[in-house]
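A.B. asks: Return a 3D structure for these sequence lines:
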Amino acid sequence: METEAYRPIDLHVHSSRSDGTLSPSELVERAEKKGLAAFALTDHDTVDGLDEAMEGAARPALRHTPSGDAAPLEVVPGIELSTEYQGADIHIVGLYIDHKDTAFRRQLQKFVDSREERNRKMCELLRRAGVSLTYEELRNACPDSVITRAHYARLMLEKGYVKSRQEAFDRYIGDRAPCFVPREKITPAQAVELILQAGGAPVLAHPILYHMSDARLETLVKSLKESGLMGIEAIYSTYSPADERQIRSLAAKYDLLLSGGSDFHGANKPDIDMGSGLGNLYVPGELLTNIKRALNRRP
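C.D. replies: Here you go, the predicted structure:
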């Protein structure tokens, strides 16, 4: 009989409430079809999709493992917070957050307000560059989403201003492009504290993607551990075996829990599938068990 320890999980998934293309309910259906034991919905700076996903997973459904046994699906309430560290964009995932906590939601609203101000400025820069795209258009096209640059690129492609989403980033909205406007961000340490205050487990997301030197990455990990970091993403869709070994070594050195996920975004990252990444991703259920135990031991 298949056990939860051997059924895969995915602790890094995005819905259409941020920059994914599947709704929270559709993610539940996909996770069931993939035979996942659990997935964490970790939308960018928002928890708006969590209730829909958790309610969807709680409904009666035909959930079976390949061996035919009944298999409930767990939706882990999560979030991915965008932060800035020495000029670099660093993401901190929070797992098992209390997404209804008043203070936590108040801080998230500040993120929403900051994003709105930044988006209006970017739309004005695009207008001056000859791209007629208003903030109201973005909102109408994505009424239930946190607006990200992925939404800009999609709308610019639909309106014929670019021939690909990548061109939108290269010519207009990439980090060094003329119409990019950075928004105010908290530090990684502040994100760790915010997640801890919401009862969650803070995890450093996809550290290999930051392209830091080994020494600089270790300095970041060491400082975040001192701030309360509990985990690090050691299994990830685009990691090489050497990448995974490096992060596992850092986790062992600083006594961090292991986490892992696909970073699934639906059609916005078409090569990456939920639960299996580029095809060979496997995140064992025991990692989630370890995270739960650590949270239960926390005072």
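
A.B. asks: ranges for the helices of the chain?
C.D. replies: For the chain, the helices defined by DSSP state H cover 24-34, 50-58, 102-128, 135-141, 149-158, 165-168, 188-197, 214-227, 241-253, 286-297.

A.B. asks: out of those helices, nearest to V76?
C.D. replies: helix 286-297 (7.2 Å; C-beta to C-beta). For the C-beta atoms, the positions are set from N, CA and C on the backbone; glycine is no exception.

A.B. asks: helices or strands up against the closest one?
C.D. replies: Secondary-structure packing of helix 286-297 (3 or more C-beta pairs under 8 Å, 6 or more residues apart in numbering; DSSP states H and E): strand 9-13, strand 201-204, strand 257-261.

A.B. asks: so can I have a markdown table of those strands showing mean pLDDT, distance to G49 and mean neighbour count?
C.D. replies: Putting the helices and strands packed on helix 286-297 into a markdown table (pLDDT from 0 to 100; distance: least, C-beta to C-beta, whole Å; neighbours: other C-beta atoms under 10 Å) gives the following:
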| stretch | mean pLDDT | distance to G49 | mean neighbour count |
| --- | --- | --- | --- |
| strand 9-13 | 98 | 10 | 29 |
| strand 201-204 | 98 | 19 | 28 |
| strand 257-261 | 98 | 16 | 26 |
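
A.B. asks: didn't G35 look like it was pressed against I9?
C.D. replies: No - the pair G35 / I9 is not scored as a contact, 10.6 Å apart, by C-beta atoms under 8 Å.

A.B. asks: Identify the contacts common to the two.
C.D. replies: Common neighbours of G35 and I9, using C-beta atoms under 8 Å, 6 or more residues apart in numbering, are G275.

A.B. asks: ok, and the helix or strand in this structure with the lowest average confidence?
C.D. replies: For the chain, using mean pLDDT, DSSP states H and E, the weakest element among its helices and strands is helix 135-141, scoring a mean of 89.

A.B. asks: Could you name the helices and strands sitting against it?
C.D. replies: By 3+ C-beta pairs under 8 Å, 6+ apart, helix 135-141 packs against helix 102-128, helix 149-158.

A.B. asks: Which one of the helices of the chain lies nearest to S262?
C.D. replies: helix 24-34 (10.1 Å).

A.B. asks: List the buried residues in the closest one.
C.D. replies: Neighbour-count burial for helix 24-34, counted by 16 or more other C-beta atoms under 10 Å, picks out P24, S25, E26, L27, V28, R30, A31, E32, K34.

A.B. asks: could I get those as CSV with pLDDT and distance to P72?
C.D. replies: Converted to CSV, the buried residues of helix 24-34 look like this (pLDDT from 0 to 100; distance: C-beta to C-beta, whole Å):
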residue, pLDDT, distance to P72
P24, 97, 17
S25, 96, 16
E26, 97, 18
L27, 98, 16
V28, 97, 12
R30, 96, 16
A31, 96, 11
E32, 94, 10
K34, 94, 14
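
A.B. asks: Roughly how far does L295 sit from A201?
C.D. replies: Relative to A201, L295 is positioned 6 Å away (C-beta to C-beta, to the nearest Å).

A.B. asks: Give me the common contacts of the two.
C.D. replies: Counting by C-beta under 8 Å, 6+ apart, the shared contacts of L295 and A201 are Y96.

A.B. asks: Please name the residues that touch E218.
C.D. replies: Counting by C-beta under 8 Å, 6+ apart, E218 has contacts L250.

A.B. asks: Quick check, pLDDT for it.
C.D. replies: On pLDDT, E218 comes in at 97.

A.B. asks: Could you check how far it is from L258?
C.D. replies: 17 Å.

A.B. asks: and what of R118?
C.D. replies: Per C-beta to C-beta, R118 is found 34 Å from L258.

A.B. asks: same thing with R298?
C.D. replies: Relative to L258, R298 is positioned 17 Å away (C-beta to C-beta).

A.B. asks: Kindly report the same for R17.
C.D. replies: Distance from R17 to L258, counting by C-beta to C-beta: 27 Å.

A.B. asks: Find the one among the helices and strands packed on helix 135-141 with the highest mean neighbour count.
C.D. replies: Comparing the helices and strands packed on helix 135-141 by mean neighbour count (mean count of other C-beta atoms under 10 Å), helix 149-158 ranks first with a mean of 19.
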